[in-house]
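*Asks:* only the shape, not the letters, is given here:
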């Protein structure tokens with residue numbers, strides 16, 4: 001059963017919390033990632049423009065969500081590069097082992113698009129197969145900051 005948070009809770013907590021993974025140490029070996037030869041994965045800049053920027057279905061970079069001002073939990077910021085770095089910082093993207101990225105984990109992803117128990121985007125918690133498939137393809141292609 002999903003409870004609908006009050007407007008006051010929305011204002012107090014912004015767009016919600018992101019589960020944090022323990023990040024590997026800098027001395028951890030980088031996992032070898034080989035993108036599929038037939039990959040048609042989008043670039044991260046395309047993901048940002050289609051799914052994470054203000055006015056998009058995920059709208060992470062919106063002010064008072066994960067954008068400035070008032071970023072909650074982590075900063076997506078106003079560019080693909082700042083959003084990528086913010087996602088890496090909290091473990092949504094594992095740059096050393098992309099297959100281990102929480103953003104595509106069906107049990108840990110905050111995105112309801114990937115995890116049916118996810119709570120993001122906070123104000124639109126409905127499945128979105130197009131966004132899920134694009135993000136999953138990008139992670140399978142080694143999750144580059146491109």
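*Replies:* It's in. All values derive from a computational prediction rather than experimental measurement.
*Asks:* report the central residue of the chain.
*Replies:* Within the chain, the residue whose C-alpha comes closest to the C-alpha centroid is residue 103; the distance, by Cα atoms, centre = their mean, is 5.0 Å.
*Asks:* where does the prediction get shaky in this protein?
*Replies:* The chain contains residues with pLDDT under 70 at 1-31.
*Asks:* cutoff 90 now
*Replies:* 1-32, 36-39, 68, 125 (pLDDT under 90).
*Asks:* could you list the buried residues of the lengthiest helix in the chain?
*Replies:* Secondary structure of the chain per DSSP state H: the longest helix is helix 129-140. The neighbour-count criterion (16 or more other Cβ atoms under 10 Å) identifies 131-132, 134-140 as the buried residues of helix 129-140. From N, CA and C alone the C-beta is placed, and that goes for glycine too.
*Asks:* just name the closest of those residues to residue 51, please.
*Replies:* Compare each of the buried residues of helix 129-140 with residue 51 using Cβ to Cβ and the shortest gap goes to residue 131, at 4.9 Å.
*Asks:* before we move on, the earlier item: would you agree the residue nearest to the centre of the chain is in contact with residue 86?
*Replies:* No - Residue 103 lies out of contact with residue 86 (Cβ atoms under 8 Å); the separation is 11.7 Å.
*Asks:* okay, helices next: where are they in this protein?
*Replies:* Under DSSP H, the chain gives helices at 7-13, 44-47, 80-89, 129-140.
*Asks:* what is the distance between the longest one and the centre of its chain?
*Replies:* Helix 129-140 has its average C-alpha position 11 Å from the chain's average C-alpha position, going by Cα atoms, centre = their mean, to the nearest Å.
*Asks:* how many residues are close by residue 113?
*Replies:* Residues near residue 113, counting by other Cβ atoms under 10 Å, number 28.
*Asks:* again, but for the one 4 residues further on
*Replies:* Summarising burial for residue 117: neighbours were counted as other Cβ under 10 Å, giving 12.
*Asks:* how close does it get to residue 110?
*Replies:* With distances defined as Cβ to Cβ, to the nearest Å, the gap from residue 117 to residue 110 amounts to 9 Å.
*Asks:* kindly report the same for residue 34.
*Replies:* Taken as Cβ to Cβ, the spacing of residue 34 relative to residue 110 amounts to 27 Å.
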